[in-house]
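> Turn this into a model:
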Amino acid sequence: MSLPLKIRRLGRQPYDVTWKAMSAFTDNRSADTADEFWLLEHDPVFTLGQAGKMEHVLAPGDIPVIPVDRGGQVTYHGPGQIVGYPMIDLRRAEVGVREMVNKIEQSLIDTLAHWDIHAERREGAPGVYVGGAKVAALGLRVRRGCSFHGLAFNVNMNMEPFHRINPCGYKGLEVTQVLDLGGPSRLADVEDALVEEFCRQFGFTAEPAAPIIPELPARVAV
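Here you go, the predicted model:
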């Protein structure tokens, strides 16, 4: 029997609000709490993971830099990018951290295949690449056996801010997006495919949920 996965499409949200909310969700959940997958866009922001070094933030300008508690180095979030936060009880889903990373990467690879875009992994550098250019980044955190933070999937965005950093700590790393690879421009189309492939990888059944961040007032809903 497949497990339910609540899908929350939250629209555009500030980073710090969402970070606090998913951290609170993880801390407050019980063994009976249903897993959730939040899909959203962020206001422009650079985030610096636990292994991150400020030397990789070259010229942030007017875009804030926020040190966070996920894995990985520095990345950029902004409008036109799908950010996905899977809040999953790994024990219940019967996956380890490495397997979870592999399944997320495979769901992104299979999503891109909907538009005949051939993507692949790169050994030692989590994420998904097309022709050597990174189209999706991963940065996870596991606490109390449950995951939060997640993935950033470039779809139809202003790519200029990536030139202000060494993406994921790699100098000169090329970054691309779905639109430039011949895929669709609408985030909703890519989200639909991503939810389908994500659920297929983990054996979940998608259950649409209210577009409201749990533990926060309803006024932040989109």
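> hey, let's count contacts and neighbours off CA atoms from now on
Noted.
> Which positions within stretch 54-67 qualify as buried?
The neighbour-count check on stretch 54-67 (16 or more other CA atoms under 10 Å) flags H56, V57, V65, P67 as buried.
> I misspoke; the intended subject was stretch 174-190.
Applying 16+ other CA under 10 Å to stretch 174-190 flags E174, V175, T176, Q177, V178, L181, G183, S185, L187, V190 as buried.
> Where helices are concerned, which of those residues count?
Among the buried residues of stretch 174-190, the members falling in helices (DSSP state H) are L187, V190.
> Can you get me a residue count around A136?
When counting by other CA atoms under 10 Å, one arrives at 25 neighbours for A136.
> does it count as helix, strand or coil?
Three-state call for A136 (DSSP: H, G, I helix; E, B strand; the rest coil): strand.
> is it true that V142 touches F148?
Yes - the criterion here is CA atoms under 8 Å, and V142 meets it with F148 at 6.4 Å.
> Name the residue in these two with the higher neighbour count.
F148 (26 against 17).
> On the pLDDT front, check the residue nearest the centre of the chain for me.
Taking CA atoms, centre = their mean, the centroid of the chain lies closest to L151, which sits 1.9 Å from it. L151 carries a pLDDT value of 97.
> Checking it next. Helix, strand or coil?
When classified by three-state DSSP, L151 comes out as strand.
> Hmm, it is touching H77, no?
No - under the contact definition of CA under 8 Å, L151 does not touch H77, with a separation of 10.3 Å.
> For this structure, which segments are assigned as strands?
3-13, 35-42, 45-48, 65-67, 74-77, 81-87, 128-130, 133-143, 146-154, 204-208 (DSSP state E).
> For D27, find the nearest of the ones you listed.
strand 133-143 (8.0 Å; CA to CA).
> Mind listing residues that contact the closest one?
26-27, 49, 69-72, 75, 97, 101, 108, 126-129, 147-154, 168, 173-178 (CA atoms under 8 Å, 6 or more residues apart in numbering).
> in it, what counts as buried?
For strand 133-143, by 16+ other CA under 10 Å, it's K134, V135, A136, A137, L138, G139, L140, R141, V142.
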